[in-house]
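Chemist: Quick one: sequence plus predicted model below, questions after.
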Amino acid sequence: MSEVSALSALIGVIRRDLKLAMRRKSDVLTTLFFFVIVVSLFPLGIGPEMDMLRKIAPGVLWVAALLATMLSLNRLFALDYADGTLEQMVLSSVPLGLLVAGKVVAHWLLSGLPLTVLAPVLGLQFDLPAGSLAVLVASLAIGTPVLSLIGAIGAGLTLGVRGGGVLVSLLVLPLYVPVLIFGAGAVGAQVSGLGAGAHLSLLAAMLALAVFFAVWATTIALRIALE
Amino acid sequence: MSRRLINWFKYSSPQTFYPLAGKMIPWFATLAVLFGAAGLYIGFFVAPTDAQQGEGYRIIFVHVAAAWMSMFIYLVMAFWAALGLSLNTRLSGMMASALAPTGALFAFLSLWTGALWGKPMWGTWWVWDARLTSSLILFFLYLGFIALQSAIDDPRRADRAGAVLLLVGVINIPIIYFSVQWWNTLHQGASVSLTKAPTMARTMLWGMLLMVLSFWMYAIAAALYRVRCIMLERERNAGWVYELPEVKS
Amino acid sequence: MNWGGPAEFFAMGGYGFYVWGSFGLAAALMALEPLLLRHRRKAALTELKRELAAKQEATDEE
């Protein structure tokens, strides 16, 4: 398979998934509303003291982003699995890794990217200064693709399994811990004046690792599920 | 070389492994009891009272052994998972699922005894220390594996899906540990340092070593016992299980 | 020998609750697991015996 046709196959998968998602806009919007509502509930539970809110903002935003991503994971393969499209894709001449990569990119465009765009607005609710907001956006931009990639493994493993939705959270959340630590830590480091460079570069290293390993593991998981 | 390979494959079939495991269980169980008795004797009667921690430090004999086994069993499960995925032997998947509950048990025990140790020593049941946090996450990983396997009805698929999860987990453990450590150094609130272990008397080391050996033997015996149950449950259509004396009688 | 008597041994220098809480739960769980496994094995064996009996009945009828 030549490079050009591989690239066009990748773009084809992304475009197809985006088009399908646009037909069911409510799915995408639900994830976003969930994110917004969860983040907005925290001040109500904790109290409106701005000092406290500024302190917990990175953690709250990141945990909410984690949960929102996780909620949308069953959208990744389940529909294609149910109507048999996934089986066709596995049998087609296009390498499965490419298809998985395309679907993960589409998933990120529909969950991680909107979350990243929304985050600074929500950060204002927590009185985050402009510098921290910029770091928050950067950490989410690098971190949420890792969430989609790791989540894809869990989604692949639980395809067509009883209670798949809850199960995914049990499998995936422990694996999200490093991303959460460095993502929220980046903002925290910026606030405390240490600079977020180290955190962000470690997040980027995780992204690089995940692009390779998670896609690979997901293809194995899908093959097992479709056997 | 080739003959040895054939031998290994022979023992990897459930039919031949089942009686072999049955013969091994009493030996490992006996060893577990013997090592345990010796370890407890040294731990309670020979090892001297610790100068800083008094008698409370004696929790170390069960805590360290449980913590080591919880990590070691996960690695062994990952080893079986890799073997199962690459060689496609049925026994590997069965061994991995047989080890999981015992590993989860030890992970829980290490958390429990850690909390009971922490309360008198640092005045709190739980500190967000790197080691404690990683143990907690390890416990979650065990639970995830068990939940995934029990949710999938087809045993072949359960084995293979579980194996992928184990390998992903084992790659992640060092990353998790490193990140938790980093997080911990940045957020060090109270000046609690768990790494500063008191210098240990030789007898304490012996007690700990014996307890680790005892737990190890126990884990092997329990896993073999469980793998025999799994074989009886899964090989229902294989025929050989109906020839077993314990079924025929 | 570390202990003056059984009472001193069980008190563990004031740490009795923590020490026996740790060793006690470890012992309890490590006793419980084999018991549960024995139960599981018995259940599997009765199931197999039942199936074997059903099979023999089927062949006898033929």
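Modeler: Received, thanks.
Chemist: what residues does chain B put near chain C?
Modeler: Contacts of chain B with chain C, taken as Cβ under 8 Å from any Cβ of the partner chain, map to B:44-45, B:47-49, B:54-56, B:58-59, B:62-63, B:66, B:101-102, B:105, B:108-109, B:112-113, B:116-117, B:119-120, B:218, B:222, B:225-226, B:228-229, B:232-233, B:236, B:241-242, B:246-248. In short, each C-beta sits where N, CA and C put it, glycine included.
Chemist: what about burial for these, which qualify?
Modeler: With burial judged by 16 or more other Cβ atoms under 10 Å in any protein chain shown, the buried subset of the residues of chain B next to chain C is B:44, B:47, B:55-56, B:58-59, B:62-63, B:66, B:101-102, B:105, B:108-109, B:112-113, B:116-117, B:119-120, B:218, B:222, B:225-226, B:228-229, B:232-233, B:241-242, B:247.
Chemist: any idea which helix is longest in the chain?
Modeler: With no chain named, the answer covers chain A. helix A:197-226 (DSSP state H).
Chemist: wait, chain C
Modeler: Under DSSP H, chain C gives helix C:16-61 as its longest helix.
Chemist: quick one: is that one near chain B?
Modeler: Yes - counting by Cβ under 8 Å from any Cβ, chain B has neighbours in helix C:16-61: C:18-19, C:21-23, C:25-26, C:29-30, C:33-34, C:37, C:40-41, C:44-45, C:48-49, C:51-52, C:55.
Chemist: What helices and strands are in contact with that helix?
Modeler: helix B:60-87, helix B:90-122, helix B:202-234, helix B:245-248 (3 or more Cβ pairs under 8 Å, 6 or more residues apart in numbering or on different chains; DSSP states H and E).
Chemist: so for it, what's the average pLDDT?
Modeler: Across helix C:16-61, the average pLDDT comes to 89.
Chemist: picking that back up, could you identify which of the helices and strands packed on helix C:16-61 is most buried?
Modeler: helix B:90-122 (a mean of 23; mean count of other Cβ atoms under 10 Å in any protein chain shown).
Chemist: Determine the set of other helices and strands touching the helix or strand just after it.
Modeler: Of the helices and strands lying after helix B:90-122 in sequence (DSSP states H and E), the nearest is helix B:130-151. With contacts taken as 3+ Cβ pairs under 8 Å, 6+ apart, helix B:130-151 sits against helix A:164-191, helix B:60-87, helix B:90-122, helix B:155-186.
Chemist: relative to helix B:202-234, how tilted is the longest one?
Modeler: To tie it back to what came earlier, the one meant is helix B:90-122. 140 degrees (axes from the mean of the first three to the mean of the last three Cα atoms, to 10 degrees).
Chemist: Repeat that for the second one.
Modeler: Between helix B:60-87 and helix B:202-234, the angle formed by their directions is 40 degrees, by the same axes, to 10 degrees.
Chemist: Give me the secondary structure label for whatever residue of chain A ends up closest to chain C.
Modeler: Closest residue of chain A to chain C, Cβ to the nearest Cβ: A:Arg162 (21.0 Å). Counting by DSSP: H, G, I helix; E, B strand; the rest coil, the backbone at A:Arg162 sits in coil.
Chemist: shouldn't it be in contact with B:Gln149?
Modeler: No - at 11.9 Å, A:Arg162 does not count as touching B:Gln149 under the criterion of Cβ atoms under 8 Å.
Chemist: Those two - which one has more neighbours?
Modeler: Legend: neighbour count by other Cβ atoms under 10 Å in any protein chain shown for A:Arg162 and B:Gln149, higher for B:Gln149 (19 against 11).
Chemist: tell me the mean pLDDT for the longest helix of chain A?
Modeler: Computed over helix A:197-226, the average pLDDT equals 92.
Chemist: That helix versus helix B:155-186: what angle between them?
Modeler: 170 degrees.
Chemist: In this structure B:Met69 contacts B:Met217, no?
Modeler: No - taking Cβ under 8 Å as the definition, B:Met69 is not a contact partner of B:Met217, at 10.5 Å.
Chemist: Can you tell me the closest non-neighbouring residue to the residue of chain C found nearest chain A?
Modeler: For chain C, the residue closest to chain A is C:Arg40, as judged by Cβ to the nearest Cβ, at 21.0 Å. Spatial nearest neighbour of C:Arg40, chain neighbours left out: B:Cys229 (4.8 Å); criterion: Cβ to Cβ, 6 or more residues apart in numbering or on different chains.
Chemist: Hmm, C:His39 and the one you found touching each other?
Modeler: No - taking contacts as Cβ under 8 Å, B:Cys229 lies outside contact range of C:His39: 9.6 Å.
Chemist: Contacts made by stretch B:149-163 with the rest, please.
Modeler: A:157-158, A:161-164, A:167, A:221, A:224-225, A:227, B:80-82, B:84-85, B:90, B:92-94, B:96-97, B:100, B:145, B:148, B:234 (Cβ atoms under 8 Å, 6 or more residues apart in numbering or on different chains).
Chemist: 6 Å instead?
Modeler: For stretch B:149-163, contacts defined as Cβ atoms under 6 Å, 6 or more residues apart in numbering or on different chains pick out A:157, A:161-163, A:167, A:224, B:81, B:84-85, B:93, B:97, B:145, B:148, B:234.
Chemist: what do you get for stretch B:33-48?
Modeler: B:Arg58, B:Phe61, B:Thr203, B:Met204, B:Trp206, B:Gly207, B:Leu210, B:Met211, B:Leu213, B:Ser214.
Chemist: Now the residue of chain A closest to chain C: phi and psi?
Modeler: For A:Arg162, the backbone dihedrals (degrees, to the nearest 10) come out as phi -50, psi 130.
Chemist: Would you map the helices across chain A?
Modeler: According to DSSP H, the helices that chain A contains are A:3-23, A:25-46, A:50-71, A:78-82, A:85-91, A:96-110, A:112-125, A:130-157, A:164-191, A:197-226.
Chemist: Run through the neighbouring helices and strands of the third one.
Modeler: For helix A:50-71, the packing partners by 3 or more Cβ pairs under 6 Å, 6 or more residues apart in numbering or on different chains; DSSP states H and E come out as helix A:25-46, helix A:164-191.
Chemist: Mind exporting the C-alpha coordinates of the first one to CSV?
Modeler: The one in question is helix A:25-46. Coordinates of each C-alpha in helix A:25-46 appear next as CSV, following Å, rounded to 0.1, in the frame of the first residue of the first chain:
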residue,chain,number,x,y,z
LYS,A,25,-25.3,15.7,17.3
SER,A,26,-26.9,15.1,20.7
ASP,A,27,-24.2,12.4,21.5
VAL,A,28,-21.4,14.9,21.1
LEU,A,29,-23.3,17.7,22.9
THR,A,30,-24.1,15.5,25.9
THR,A,31,-20.5,14.9,26.6
LEU,A,32,-19.8,18.6,26.5
PHE,A,33,-22.7,19.5,28.7
PHE,A,34,-21.6,16.8,31.1
PHE,A,35,-18.2,18.4,31.3
VAL,A,36,-19.6,21.9,31.9
ILE,A,37,-22.1,20.8,34.5
VAL,A,38,-19.6,18.7,36.5
VAL,A,39,-17.2,21.6,36.6
SER,A,40,-19.9,24.0,37.6
LEU,A,41,-21.1,21.8,40.4
PHE,A,42,-17.8,21.9,42.3
PRO,A,43,-18.0,25.5,43.6
LEU,A,44,-21.5,24.7,44.8
GLY,A,45,-20.2,21.8,46.7
ILE,A,46,-17.1,23.4,48.1
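Chemist: Let me know the angle separating that helix from helix A:112-125.
Modeler: 30 degrees.
Chemist: Which elements pack onto helix A:25-46?
Modeler: helix A:50-71, helix A:112-125.
Chemist: gap between the shortest one and the chain center?
Modeler: Read it as helix A:112-125. Mean-position distance between helix A:112-125 and its chain equals 14 Å (Cα atoms, centre = their mean, to the nearest Å).
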